[in-house]
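Chemist: Sequence below, structure please.
(one chain, ligands or ions: 2)
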Amino acid sequence: MNGDARKTAEALTYLSGFGNEHSSEAVPGALPLGRNSPQRAPLGLYAEQLSGSAFTEPRARNRRSWLYRIRPSAAHPAFTRTDNGNLRTAPFTETVPDPNRLRWDPLPEPEPGTDFVRGLWTLGGNGDAAQRTGMAVHLYHANSSMERVFSDADGELLIVPESGGLLLRTEFGLLRVEPGHVALVPRGVRFRVELLDAGPDGGQSPAARGYVCENYGVPFELPELGPIGANGLASARDFLAPVAAYEDVEGPVEVLNKFCGNLWTATYDHSPLDVVAWHGSHLPYVYDLRRFNVIGSISHDHPDPSIFTVLTSPSDTPGLANVDFVVFAPRWLVGEDTFRPPYFHRNVMSEYMGLIEGAYDAKAAGQGGFVPGGGSLHNMMSAHGPDRETFDRASAAELKPQKVDDGLAFMFETRWPVTATAQAARAEHLQRAYDDVWQGLERHFGPLH
Ligand SMILES: O=C(O)Cc1cc(O)ccc1O
Ligand SMILES: [Fe+2]
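Modeler: Ligands and ions are numbered 1, 2, ... in the order given. Presented below is the predicted three-dimensional model:
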C-alpha cells in the first residue's frame, strides 16, 4: 500500500480557500443542484449532513457539509470499547500541573506494525473534551500505514509532520501532507493515514513522526489581521481542501471512533470513505507553512509571537485563545539596538513548542538540546527564554541584517496550563537536566558601568 500511496499523492488536485463553501463530485452529476436533500439523491446516493457547529451558530462560525455517499453513515453495527493505547484525553488528572520547565527528546522507535492511531502518544493537555473546551498535545511515531479508518468525535486534529510524508484518505478526498505542511481534520471526519515513504523492503521501515494538536474547542480559524491590513500571515487561499474521491469497497473494514476519551471499534461491511460528492464548509485542509507571510519589527524590539499566529481557536473572551497555532518560519531580523531572539518572559498562557526542522533561535540544538521531534512545555508563569548560550551570543552579536532560516519551529499556545500525562511525566526521553540551560547566566550588574 505504501508504494502506491506516493504515486497516488503525486497526482492530487485541490480546492483553494480556508473557510469557503466548497463543492466537489468524483462522478459528474453526483451533487444535487439547488437543494441539499432531494427526494432521491442523484445516482442512488444517500444524502447526509455533517454538522461541525450547532445549527444556530452565527453564520461566520457556522460549519456543515453535505455528503452524498454509497451508504449512509448510520449503517453500522454497534461500537465496542477497544484499547486506548497511549492516547489520553482531557480532563488530565494523572499528574498535577507542573510549574517546571519541561523538555522531551523525540519519541522512541515504535513496535513494528504501528500505524498512525496506535502511534499516538499523548503528552498532556487541558480543559474537558466532553465540554468541548481545551486541547491536547499528542506526538505520533508510526511505521505502518493504517488499514483501518479513524474519526475523532472529541475534536479537530491539527497534524504537524516532522519526518515522513503522509497521505490522508478522508471522507472528502485525499491530502498529501509532507513535513513543513500541516493538515487540519475536522471533528468527526473519518480518515485513514498512509505513509508516503516506502522503505527499502517496499514497506514498513521508515518512520513517520510528528505532532498533533487535538482541539476540543471552537474550530481553528484564521486570526484577525487588525492594523496589519487585508493581507499577511497565513493566506486563506493557501489552505487546500481535497476533491471528492471515494472507495467502493464491500467487505470488512475496521472503524475506530474516539469518543469522550475512549477508542471504540466497529467492523463495517463496507468502507465509510464512500463519499462520491460533497459540498459545504466543514472540511479538511492542508497548508504549507513555508507560505506563511512572516511579519516582524523593522525598527527595534522583538515582537510578541502572536504576530506568527497561523490559526486560532477562540474562547468566549475576545483575544484569549483556547489554543493558537504559531509558526517560527524563516525570516529576516533587522532590529537596531535590540536583543533579537525571544526575550526572557513569564506568560499567563501556556506554551508547548515543537521543532519540525533545524534549530530554534532561542535554544541550542544538538544532543540534549531542542531537537526536531522533541518538544518543550513552559506552563503558565514559568520563567523561560533564551538559554545561556543564546543570551551570550545575541548580547554580543553585531546587529547587521540577519536571515534566520535554519529551522522551522512551532508553538501550541493555550489559555490553561497543560497537565502532563503519567507517561510524559515519567518518560525516559524527558530531559531531566533541562533547567541547566539557564545555569551560568552570571550577574553583570554594576551601578558604575
Ligand atoms: O518561549 C518561546 O520561545 C516562544 C516565544 C517566542 C517569542 O518570540 C516570544 C515569546 C515566546 O514565548
Ligand atoms: Fe515563551
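
Chemist: C-alpha only now, for contacts and for neighbours.
Modeler: Noted.

Chemist: shaky segments in the stretch 101-250 of the chain?
Modeler: 198-205 (pLDDT under 70).

Chemist: again, only this time at 90
Modeler: 197-207 (pLDDT under 90).

Chemist: Enumerate the residues of the protein near ligand 1.
Modeler: Where the chain comes near ligand 1, counting by CA under 6 Å from any ligand atom, the residues are 304-305, 342, 385.

Chemist: who's in contact with the closest residue to A420 other than its chain neighbours?
Modeler: Of all residues not flanking A420 in the chain, G124 sits nearest, at 4.1 Å (CA to CA, 6 or more residues apart in numbering). Contact analysis of G124 by CA atoms under 8 Å, 6 or more residues apart in numbering lists 88, 92, 136-138, 418-421, 424.

Chemist: looking at this, G124 is in a helix?
Modeler: No. Assigned with DSSP: H, G, I helix; E, B strand; the rest coil, G124 falls outside any helix and is strand.

Chemist: In CSV: the contacts of G124, plus distance to D405 and secondary structure.
Modeler: Below are those laid out as CSV (distance: CA to CA, whole Å; DSSP: H, G, I helix; E, B strand; the rest coil):
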residue, distance to D405, secondary structure
R88, 35, coil
F92, 37, coil
A136, 29, strand
V137, 26, strand
H138, 26, strand
V418, 30, coil
T419, 32, strand
A420, 31, strand
T421, 34, coil
A424, 31, helix
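
Chemist: Between those residues, which sits nearest ligand 1?
Modeler: The nearest member of those to ligand 1, counting by CA to the nearest ligand atom, is V418 at 14.8 Å.

Chemist: Let me see the contact set for the residue nearest to that closest one when sequence neighbours are not counted.
Modeler: Among residues not flanking V418 along the chain, G125 sits closest, at 4.5 Å (CA to CA, 6+ apart). Shown in contact with G125 (CA under 8 Å, 6+ apart): 89-92, 134-137, 417-420.

Chemist: These into TSV, with extra columns for neighbour count?
Modeler: Putting the contacts of G125 into TSV (neighbours: other CA atoms under 10 Å) gives the following:
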residue	neighbour count
T89	28
A90	24
P91	21
F92	20
G134	28
M135	33
A136	31
V137	23
P417	25
V418	30
T419	27
A420	25
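
Chemist: Which two of those residues have the greatest separation?
Modeler: T89 and P417 (14.6 Å; CA to CA).

Chemist: rewinding a little: mind listing the residues bridging to the residue nearest to A420?
Modeler: Per DSSP bridges, the residues bridged to G124 are V137, A420.

Chemist: ok and the residue in the stretch 101-250 of the chain nearest ligand 1?
Modeler: R101 (10.6 Å).

Chemist: dump the residue contacts of that residue.
Modeler: So R101 contacts 376-379, 382-384, 434-435 (CA under 8 Å, 6+ apart).

Chemist: Out of these, which sit inside strands?
Modeler: The strands, defined by DSSP state E, take in 376-378 from those.
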